[in-house]
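**Student:** Here's a sequence, model it:
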Amino acid sequence: MGFVKEFKEFAMKGNVLDMAVGIIIGGAFGKIVSSAVSDILMPPLGLLLGKVDFKDLKVEIQPEIKDAAGEVTQALVSINYGAFLQVTIDFILIAFAVFTVIKLMNNLKKKEEAKVEAPAPAAVPDDVKLLTEIRDLLKKQ
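**Tutor:** Residues are numbered from 1 along each chain as shown. Now for the predicted structure:
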């Protein structure tokens with residue numbers, strides 16, 4: 001019964017729930033960025049490069065082979081570098097967005113720490129005060 005209790009304590013910690021929320025939001029954010037890249041960024045870029053659809057960019061290693069009836073007996077083998085470029089741009093945009101958010105959070109954290117005032121100096125003990133007064137009197141003489 002100890003294992004189940006330990007797991008329950010672990011799963012109910014705030015950090016685990018925060019992490020789960022972050023993963024869910026991150027997955028949704030990844031879909032948004034992927035859509036922005038494939039549906040908004042890549043079409044104009046492909047148009048500028050001569051009406052190219054990046055999804056169709058590939059190097060054929062082996063063409064598909066059809067029999068006499070016209071049915072495919074061996075599938076096309078290709079290197080789909082256009083899809084790779086699209087995924088790479090997705091990654092760069094997501095990494096940039098995460099970097100920006102973390103940088104913003106760090107700046108806010110620094111400002112928060114700067115607002116916290118330094119603690120007041122500790123009270124000087126009576127014997128140190130007395131010794132300081134004696135020193136000052138001796139300096140005057």
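
**Student:** Pull the distance from stretch 24-41 to the chain's centre.
**Tutor:** 13 Å (Cα atoms, centre = their mean, to the nearest Å).

**Student:** The host helix or strand of F84 - what's its average pLDDT?
**Tutor:** If you go by DSSP states H and E, F84 is part of helix 81-115. On average, the pLDDT along helix 81-115 is 83.

**Student:** Who are the packing partners of it?
**Tutor:** Applying 3 or more Cβ pairs under 8 Å, 6 or more residues apart in numbering; DSSP states H and E, one finds that helix 81-115 makes contact with helix 14-35. In this view, the C-beta of every residue, glycine as well, is placed from N, C-alpha and C.

**Student:** Contacts for the next helix or strand after the helix it packs on, please.
**Tutor:** As assigned by DSSP H and E, the chain's next helix or strand after helix 14-35 is helix 42-48. By Cβ atoms under 8 Å, 6 or more residues apart in numbering, the residues outside helix 42-48 that reach it are V52, D53, F54, Q86, I89.

**Student:** Buried only: go through those residues for me.
**Tutor:** F54, Q86, I89 (16 or more other Cβ atoms under 10 Å).

**Student:** Could you tell me how far the spatially most central residue of the chain is located from F91?
**Tutor:** In the chain, the residue lying closest to the centroid (Cα atoms, centre = their mean) is V98, at 3.5 Å. Going from V98 to F91 by Cβ to Cβ, to the nearest Å gives 11 Å.
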